[in-house]
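[1] structure for this input, please:
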Amino acid sequence: MKIRDIMRPSAFTIDGADGLGHAYRTMNRSHIRHLPVMSDGKLVGMLSERDVLAARAHADAGWWQMPVRLAMQSPPQTAHPDDSLTEVAGRMAVAKIGALPVVEYGKLLGIATVTDVLDAEVRSAMAPRAASQATAADAMTPYPRTVRPDASLVDAVAIMADRHVRHLPVVDATSGIVGMLSERDVRSAVGDPARYARDRGTAPVAYRVDDVMTRPAISVAFDTPIGELAQRFADDRIGALPVTDRFGALIGIVSYVDALRVLAQ
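    From the prediction side, this is the model:
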């Protein structure tokens, strides 16, 4: 299967001179997280929701009027419509990117997101036999660092920065999984995580982890087939899931990048 078979026609784009406020409204209204950035009819960058949140954190009150070109990723990585689905899955896994604009002869044809790729990999049964037999245990990072819900958010952010991770499982006093703290949760609450950790949480509100974490907790069993796992990421639009043993104890964490990596093998 080729990328042209699964890409979405690029109905939503943004001009590099437009303000980030306009881009953010477009994303929220259209329920999308990535916008190709155009200038004089040519693709010049990609703007993600993460880019907007980062700009908002650094520019404070003035972020709304900031030109998109100052926050976008440029030059953008692109895919050709005849690239194979497996090849693109591998590129996304390595680069940890959420979407690729599809370009042919310099013309933007559409966009392929991680959700599109994961969904197609599973539904078309393209995964190699070894991958189709793989489970969450084969893809997960074992025994991840966790955080308690009553921990200070600044301490949790420091752990994320030190471990270079974007997700922390949140567990209670009995080690039961009660939620997940993501980088997106942090950015939505306090802006740039690096600055928040550096300033030791000088925000007006002294946040705890349970103030901003995602709940209820959603987890998967260690023997969940990788295809089913990928489908969960595609359907639920989540970035990572805790993995449990047969007794419900936390033994790992698996991300959409991990799933892509196995499916692309």
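
[2] which stretches of the stretch 1-150 of the chain form helices?
    20-30, 49-59, 85-95, 114-123, 129-133, 136-139 (DSSP state H, counting those that start in this stretch).

[3] who wins for proximity to Leu153 among the ones you listed?
    Leu153 lies closest to helix 49-59 among these, at 14.4 Å (C-beta to C-beta). To be clear about C-beta, it is placed using only N, CA and C from the backbone, and glycine gets the same treatment.

[4] now that closest one against helix 20-30, angle please.
    140 degrees (axes from the mean of the first three to the mean of the last three C-alpha atoms, to 10 degrees).

[5] count of neighbours near Met46?
    By the measure other C-beta atoms under 10 Å, the count of residues near Met46 is 24.

[6] for Val243, see how far away it is.
    For Met46, the distance to Val243 equals 31 Å [C-beta to C-beta, to the nearest Å].

[7] from Val262, how far out is the residue nearest to Asp223 when sequence neighbours are not counted?
    Nearest non-adjacent residue to Asp223, counting by C-beta to C-beta, 6 or more residues apart in numbering: Thr135, 5.1 Å away. According to C-beta to C-beta, Thr135 stands 9 Å off from Val262.

[8] what touches both of these two?
    Common contact partners of Thr135 and Val262 (C-beta atoms under 8 Å, 6 or more residues apart in numbering): Ile226.

[9] neighbour count: these two, which is higher?
    For Thr135 versus Val262, neighbours defined as other C-beta under 10 Å are more numerous around Val262 (25 against 20).

[10] so the more buried one touches Val254, yeah?
    No - using C-beta atoms under 8 Å, Val262 is not in contact with Val254; the gap is 9.4 Å.

[11] now for the two: what residues contact both?
    Ala139.

[12] so who does the residue nearest to the spatial centre of the chain touch?
    Closest to where the C-alpha atoms of the chain average out (C-alpha atoms, centre = their mean) is Gly239, at 5.1 Å. Residues counted as contacts of Gly239 (C-beta under 8 Å, 6+ apart) are Arg166, His167, Ser182, Arg184, Phe233, Ser255, Tyr256.

[13] just give me the closest of these to Gly90.
    Nearest to Gly90 among the contacts of Gly239, with distances taken as C-beta to C-beta, is Tyr256, at 13.4 Å.
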